[in-house]
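A.B. asks: Test case, fold it:
(4 chains)
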Number of protein chains: 2
Amino acid sequence: MRLTTKGRYAVTAVLDLALHSQEKPVNLSDISERQAISLSYLEQLFSKLRKNNIVKSIRGPGGGYLLNSPKDEISVAHIINAVNESIELSRCDGRANCHDGKQCLTHNLWVDLSLRINEFLDNISIGELIRQNERQAVQSARSMVDAISVTTV
Amino acid sequence: MRLTTKGRYAVTAVLDLALHSQEKPVNLSDISERQAISLSYLEQLFSKLRKNNIVKSIRGPGGGYLLNSPKDEISVAHIINAVNESIELSRCDGRANCHDGKQCLTHNLWVDLSLRINEFLDNISIGELIRQNERQAVQSARSMVDAISVTTV
DNA sequence: GCTTTACTTGACTATTTTACTTGGTTATTA
DNA sequence: TAATAACCAAGTAAAATAGTCAAGTAAAGC
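C.D. replies: Residues are numbered from 1 along each chain as shown, chains lettered A, B, ... in the order given. As a prediction, this is how the structure comes out:
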């Protein structure tokens, strides 16, 4: 599991897609404009997302991309791993390098941690992310209203 | 929060330090050899770790590095953020770019997620990582013993 | 106090990844 | 058949990563 700006771009783009595609496909030009990501870079990212069955495409005029599954079934981990190709070069995989055991221990510790991070991000779906944000927005709007009513009363 | 091989190197090195420094300082050459990380790269990483009060150094012969706090008070997030400088270029910070609100929404969603990842990694300490691994080792040893005793009885 | 050891610092370089560009081709619809 | 938008491939600039080198400085021990 790697977490770089590339992953952020991908998650942001999928979030944009989830927010804008009500049955109608969304084309990359629109996402490019809204999220300020270059069109061709988006094409590369979406090519990987499509190959990983996260989105599906419709060609031709009026075409674009759609989520391939319900929002709640698309995890952040899935998106990030899709664009990162995740060839996770885990050094001592069986042979070599791990001569004295101690090195293998630290390596194992890292693998454990890596698994835990992956598991964590696998439990956060696009749908959940959006809902949580909506709740927060409602809450802050409410407290804003409260604040106003307090100051005006 | 960014999670790259650089962060892995740093966490691995601190784990190695935690495992090997029983009151005595550990020098970077030893870590370099054990973890197969170049000495000069370790120097750069430890310079940042020291500035962030994660480790302390002792100069001169017999010198090296020690953890600056108990194992349980050093979080994985702390280590990763220390070496990554975390200048997290969060695009629309107030001004610019965020014209239509929608873009800001996706941006906020990412920031939320980022905070959650950070919080998650902040709750995993070096000490906890090591202990968990020990438990696993004991368990697998136990189940191995069980398996053997079953097959031999 | 001098020498040795070993950390410290900074500048410099190679490699890899990221982000983007260009220039196309192919499928679909109006 | 003209316009649209996905698809594809090669190349490129900039940034991050990983490592090198050389000149320091602090501490230990003789």
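
A.B. asks: from here on, contacts and neighbour counts on C-alpha atoms
C.D. replies: Fine.

A.B. asks: pLDDT at A:Arg116, what is it?
C.D. replies: In this prediction, A:Arg116 carries a pLDDT score of 90.

A.B. asks: Now it: which helix or strand?
C.D. replies: According to DSSP states H and E, A:Arg116 maps onto helix A:102-122.

A.B. asks: Show me what counts as buried in that helix.
C.D. replies: A:103-110, A:113-114, A:117-118, A:120-122 (16 or more other C-alpha atoms under 10 Å in any protein chain shown).

A.B. asks: Pull that helix out as PDB, backbone CA atoms only.
C.D. replies: C-alpha atoms of helix A:102-122 as PDB (Å, rounded to 0.1, in the frame of the first residue of the first chain):
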ATOM      1  CA  LYS A 102      16.400 -10.000  12.900                       C
ATOM      2  CA  GLN A 103      16.100  -8.400   9.600                       C
ATOM      3  CA  CYS A 104      13.200 -10.600   8.800                       C
ATOM      4  CA  LEU A 105      11.500  -9.500  12.000                       C
ATOM      5  CA  THR A 106      11.500  -5.800  11.200                       C
ATOM      6  CA  HIS A 107      10.400  -6.700   7.700                       C
ATOM      7  CA  ASN A 108       7.500  -8.700   9.100                       C
ATOM      8  CA  LEU A 109       6.600  -5.900  11.400                       C
ATOM      9  CA  TRP A 110       6.300  -3.600   8.400                       C
ATOM     10  CA  VAL A 111       4.200  -6.100   6.400                       C
ATOM     11  CA  ASP A 112       1.900  -6.400   9.400                       C
ATOM     12  CA  LEU A 113       1.500  -2.600   9.600                       C
ATOM     13  CA  SER A 114       1.000  -2.500   5.800                       C
ATOM     14  CA  LEU A 115      -1.800  -5.100   6.100                       C
ATOM     15  CA  ARG A 116      -3.500  -3.100   8.900                       C
ATOM     16  CA  ILE A 117      -3.400   0.100   6.800                       C
ATOM     17  CA  ASN A 118      -4.900  -1.700   3.800                       C
ATOM     18  CA  GLU A 119      -7.600  -3.300   6.000                       C
ATOM     19  CA  PHE A 120      -8.400   0.100   7.400                       C
ATOM     20  CA  LEU A 121      -8.700   1.800   4.000                       C
ATOM     21  CA  ASP A 122     -10.700  -1.200   2.600                       C
END
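
A.B. asks: State the distance from the residue nearest to A:Lys24 when sequence neighbours are not counted to chain B.
C.D. replies: Nearest residue to A:Lys24 in three dimensions, chain neighbours excluded: A:Leu66, at 7.6 Å (C-alpha to C-alpha, 6 or more residues apart in numbering or on different chains). According to C-alpha to the nearest C-alpha, to the nearest Å, A:Leu66 stands 17 Å off from chain B.

A.B. asks: next one: A:Gly62
C.D. replies: Counting by C-alpha to the nearest C-alpha - A:Gly62 and chain B are separated by 21 Å.

A.B. asks: how many neighbours does that residue have?
C.D. replies: 10 (other C-alpha atoms under 10 Å in any protein chain shown).

A.B. asks: residues contacting it?
C.D. replies: By C-alpha atoms under 8 Å, 6 or more residues apart in numbering or on different chains, the contact set of A:Gly62 is A:Pro25, A:Asn27.

A.B. asks: try A:Pro25
C.D. replies: Counted by C-alpha under 8 Å, 6+ apart, A:Pro25 has contacts A:Ser57, A:Ile58, A:Gly62, A:Gly63, A:Gly64, A:Tyr65, A:Leu66.

A.B. asks: Mind doing that once more with 10 Å?
C.D. replies: Counting by C-alpha atoms under 10 Å, 6 or more residues apart in numbering or on different chains, A:Pro25 makes contact with A:Leu17, A:Lys56, A:Ser57, A:Ile58, A:Arg59, A:Gly62, A:Gly63, A:Gly64, A:Tyr65, A:Leu66, A:Leu67.
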